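**Q** got a predicted structure here, sequence first:
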Amino acid sequence: MGSQDAHPSHYYLSMGMDTVEIVLRTEELFVITITADEASAVRTVGDLYRLTCSKLSLVTLPSPLFR
């Protein structure tokens, strides 16, 4: 989402504005670019966490909910 090409009109139609704002803020805070295809695949907070970690080349931590 860091370039104009990453903002097609269907992207905003397929996601709620809250989700769009969260993705944009994540990009801003972590200085990463999330493409429209990547963002549209995000369904949960865990999905966004794993995507962000992968963009930053970080190893994800296991969820404490499934121990």
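**A** Nice, I can see it. Numbering: from 1, shown residues only.
**Q** which stretches in the chain count as helices?
**A** Assigned by DSSP state H, the helices in the chain fall at 9-14, 17-30, 36-41, 45-55.
**Q** export those helices as CSV, with columns for mean neighbour count, mean pLDDT and distance to L65.
**A** Quick note: C-beta positions are derived from backbone N, CA and C, even for glycine. Below are the helices of the chain laid out as CSV (neighbours: other Cβ atoms under 10 Å; pLDDT from 0 to 100; distance: least, Cβ to Cβ, whole Å):
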stretch, mean neighbour count, mean pLDDT, distance to L65
helix 9-14, 11, 45, 28
helix 17-30, 14, 91, 20
helix 36-41, 16, 91, 21
helix 45-55, 15, 93, 10
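**Q** make CSV from the ones you listed and add distance to S63 to it.
**A** Below are the helices of the chain laid out as CSV (distance: least, Cβ to Cβ, whole Å):
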stretch, distance to S63
helix 9-14, 26
helix 17-30, 19
helix 36-41, 19
helix 45-55, 7
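**Q** out of the ones you listed, which gets nearest to L61?
**A** Evaluated over those, closeness to L61 peaks at helix 45-55, with 8.6 Å, by Cβ to Cβ.
**Q** elements contacting the closest one?
**A** Here helix 45-55 touches helix 17-30, helix 36-41, going by 3 or more Cβ pairs under 8 Å, 6 or more residues apart in numbering; DSSP states H and E.
**Q** I34: how many residues sit nearby?
**A** 22 (other Cβ atoms under 10 Å).
**Q** V42 too?
**A** Considering only other Cβ under 10 Å, V42 is surrounded by 20 other residues.
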